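Colleague: Here is the input, now give the coordinates:
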Amino acid sequence: MTFGAAGDTTVVRTFPYGVPEGADSLVRLSFGADDTVRHVPGRLLPTDSLPEPCSPVLPADTVSAADIYGPVSFVPVAGAPEPCGIPVTFGVGYQMLTVLLLLLYLLLVFRAGGHAARMMRAVWGRGGEGKHRHDGDMPGAEVQALILSCGLLMCGLAAVKIFELWGEWRWLPSSLWGGGWLAVPAVMLALLAVMGVQSAVLHVVGKLTFSTEFIRMLCAKRLSLFASMTVTGTPAVLLAALSGGVWADVAAGLFVTVTVAHLALYAGRSFLWFIDRKVSILLWILYLCAVEAMPFGIFAVGLSRSWPV
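Modeller: Residues are numbered from 1 along each chain as shown. Predicted coordinates:
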């Protein structure tokens, strides 16, 4: 390499770990005395990529991409997937709850199949109210607990899966302590609280109006509806939870269809039940609004207002 005047050449050898002591190959550059690179005895020659530990590090001026290229340079692409995190339904907790739902469903079908079939006939049977006079008989506490557990777990798994498929978010907020799969038991507890409020209101009204038998029959019809929805909707929820893509959308749509059909059928059957018992239609409308719709409406409004954005 040539430094300074013509003919003034210096041979520089390259060492893998710097220039050893005594091999000061770069004596002086043509930039002046202050810009020379000198050899310090006992230390390696500093390089551009590794500054000396003793040299002060000057603060660097940072500039964002928006200052150079404008604010449009970092606008996220619409529909682009999130850079980190995995969907809740792909987690271990959600999959374990899905397996638990399958076990509960098999237990319901094989251990309480007779009760489930009788309640489904009460919901979908033909021939009027006189054909099913025994429909007001409630099953045992064990069967009721099994139906309630399977149905609540079905609703929790379905709610999380539907919000993941059709909602605005694909990952639950990080504010849920312990993992996003805890949204399933949270939905179950919320539904259990709503159903408890509905049952308490019905029993209080029955005590005040001296119509406990009428309320008992109405609660039996509500349980039959829930059992029928559990038996017919659980396969669709299992298919949606264990699949993805188009099949998950089809299974979720099938579950929504089953749920809407049961609710519409219950509205019609309860109307006929009120008419058969010679109860005013205004009381039936009041029952649907105050007992069936209002608790779920309050829960939905509270959830939408407190949900972290």
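Colleague: residue ranges for the helices of the stretch 51-200 of the chain, please.
Modeller: With DSSP state H, counting those that start in this stretch as the criterion, the stretch 51-200 of the chain has helices at 65-69, 92-111, 113-124, 141-166, 183-209.
Colleague: Report the backbone C-alpha coordinates of the second one in PDB.
Modeller: Coordinates of the C-alpha atoms in helix 92-111 are reproduced here as PDB (Å, rounded to 0.1, in the frame of the first residue of the first chain):
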ATOM      1  CA  VAL A  92     -52.600 -26.800  25.200                       C
ATOM      2  CA  GLY A  93     -55.200 -25.600  27.700                       C
ATOM      3  CA  TYR A  94     -57.900 -25.200  25.100                       C
ATOM      4  CA  GLN A  95     -57.200 -28.600  23.500                       C
ATOM      5  CA  MET A  96     -57.300 -30.200  27.000                       C
ATOM      6  CA  LEU A  97     -60.700 -28.600  27.600                       C
ATOM      7  CA  THR A  98     -61.900 -29.900  24.200                       C
ATOM      8  CA  VAL A  99     -60.900 -33.500  25.200                       C
ATOM      9  CA  LEU A 100     -62.800 -33.000  28.500                       C
ATOM     10  CA  LEU A 101     -65.900 -31.900  26.500                       C
ATOM     11  CA  LEU A 102     -65.600 -35.100  24.400                       C
ATOM     12  CA  LEU A 103     -65.400 -37.200  27.600                       C
ATOM     13  CA  LEU A 104     -68.400 -35.500  29.200                       C
ATOM     14  CA  TYR A 105     -70.400 -35.800  26.000                       C
ATOM     15  CA  LEU A 106     -69.700 -39.600  25.800                       C
ATOM     16  CA  LEU A 107     -70.700 -39.900  29.500                       C
ATOM     17  CA  LEU A 108     -73.900 -38.000  28.800                       C
ATOM     18  CA  VAL A 109     -74.800 -40.200  25.900                       C
ATOM     19  CA  PHE A 110     -74.000 -43.500  27.400                       C
ATOM     20  CA  ARG A 111     -74.900 -42.900  31.100                       C
END
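Colleague: Give me the contact list for it.
Modeller: Defining contact as Cβ atoms under 8 Å, 6 or more residues apart in numbering, one finds that helix 92-111 is touched by 88-89, 116, 146-147, 149-150, 153-154, 156-157, 160, 179-182, 184, 230-231, 234-235, 237-238, 241-242. The C-beta positions use only the backbone N, C-alpha and C, and glycine is treated the same way.
Colleague: Compute the number of surrounding residues for the residue lying closest to G151 once chain neighbours are set aside.
Modeller: What sits nearest to G151 in space, not counting adjacent residues and going by Cβ to Cβ, 6 or more residues apart in numbering, is T230, at 4.0 Å. When counting by other Cβ atoms under 10 Å, one arrives at 26 neighbours for T230.
Colleague: Do I have it right that T230 meets Q144?
Modeller: No: taking contact to mean Cβ atoms under 8 Å, the distance of 11.8 Å between T230 and Q144 leaves them out of contact.
Colleague: OK, contacts around the residue nearest to G151?
Modeller: L108, I147, C150, G151, M154.
Colleague: What of L202?
Modeller: I215, L218, C219, V291.
Colleague: related to what we said a few turns ago, save the contacts of T230 as CSV, and put in pLDDT and distance to M138 too.
Modeller: Listed next are the contacts of T230 as CSV, based on pLDDT from 0 to 100; distance: Cβ to Cβ, whole Å:
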residue, pLDDT, distance to M138
L108, 92, 16
I147, 93, 11
C150, 95, 17
G151, 93, 15
M154, 94, 21
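Colleague: No further queries at this time; thank you.
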